[in-house]
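In: predicted coordinates and the sequence they were generated for:
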Amino acid sequence: MSKHRDDDHPFRAAVAGVRPLQTRRRALPHTPAPPPVPVQTRREWDAVLRESLEGPISPDEGLEIGEELVYLRDGMSRHVLRQLRRGHWVVQAGIDLHGMDRNEAAERVAAFLLDCSNRGLRCVRIVHGKGLGSRNREPVLKNKLRIWLPRRDEVLAFCQAPDDDGGSGAVLILLKARR
């Protein structure tokens, strides 16, 4: 026991004149520890939110419903497609492909889009028809447009035209703004 006292001697000498504080009969508040932060869950929620705002269009918004033509260039907001569908942009030019074969239609579409882009037009319409006069009564040119349009650099988005603008026999196209 004397050994402990020898070890305590420097401490006791240092605190020799110290008096304990008076207690005022207060209870210290008990604050519970905050709940753990679910970091991974929060990351997943944030990713879902970002995807819903920026990501691909959901089936609920009509992407590729049946035979509908719909396209939105990567990086474009879904809001742009909604605006195109709702007639936000006035149709500034149009072309009718009725009676053309695929080769003639491909040339005319390419020339039409280039001309519209050069003129600074933003919203155009292509009437492709419903395919009622084709061999299998299938919309041949409509299916070709589904392939041709996304390949064009000037095309930002397209969707089926409203019924009073051609409906399933026409497509509205949003072109890049001229800089």
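Out: Yes, it's here.
In: which of the helices and strands in this structure ranks last by mean pLDDT?
Out: helix 39-54 (a mean of 72; mean pLDDT, DSSP states H and E).
In: tell me the helix or strand right after that helix.
Out: strand 70-72 (DSSP states H and E).
In: gap between that following strand and the chain center?
Out: 12 Å (Cα atoms, centre = their mean, to the nearest Å).
In: so what's the residue count around the residue nearest to residue 96 when sequence neighbours are not counted?
Out: In this structure, residue 96 finds its nearest non-sequential neighbour in residue 127, 4.3 Å apart by Cβ to Cβ, 6 or more residues apart in numbering. The C-beta positions use only the backbone N, C-alpha and C, and glycine is treated the same way. Using other Cβ atoms under 10 Å, residue 127 has 17 neighbouring residues.
In: wait, residue 127 sits on residue 172?
Out: No: Residue 127 lies out of contact with residue 172 (Cβ atoms under 8 Å); the separation is 10.7 Å.
In: still on that earlier bit, quick check: bridge partners of the residue nearest to residue 96?
Out: Note on residue 127: beta-bridge partners by DSSP bridges are residue 96, residue 170.
In: next up, the contacts around it.
Out: Shown in contact with residue 127 (Cβ atoms under 8 Å, 6 or more residues apart in numbering): 94-98, 166, 169-170.
In: buried ones from the residues you listed, can you make that a PyMOL selection?
Out: The PyMOL selection below is limited to those of the contacts of residue 127 classed as buried (16 or more other Cβ atoms under 10 Å):
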select buried, resi 94+95+97+166+169+170
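In: pipe the contacts of residue 127 into CSV and attach distance to residue 146 per row.
Out: Formatted as CSV, the contacts of residue 127 follow (distance: Cβ to Cβ, whole Å):
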residue, distance to residue 146
94, 18
95, 17
96, 18
97, 14
98, 18
166, 16
169, 14
170, 14
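In: and the contacts of residue 127, which is closest to residue 10?
Out: Within the contacts of residue 127, proximity to residue 10 (Cβ to Cβ) peaks at residue 170, which comes in at 95.1 Å.
In: how about the contacts made by that closest one?
Out: With the criterion set at Cβ under 8 Å, 6+ apart, residue 170 makes contact with 125-128, 160-161.
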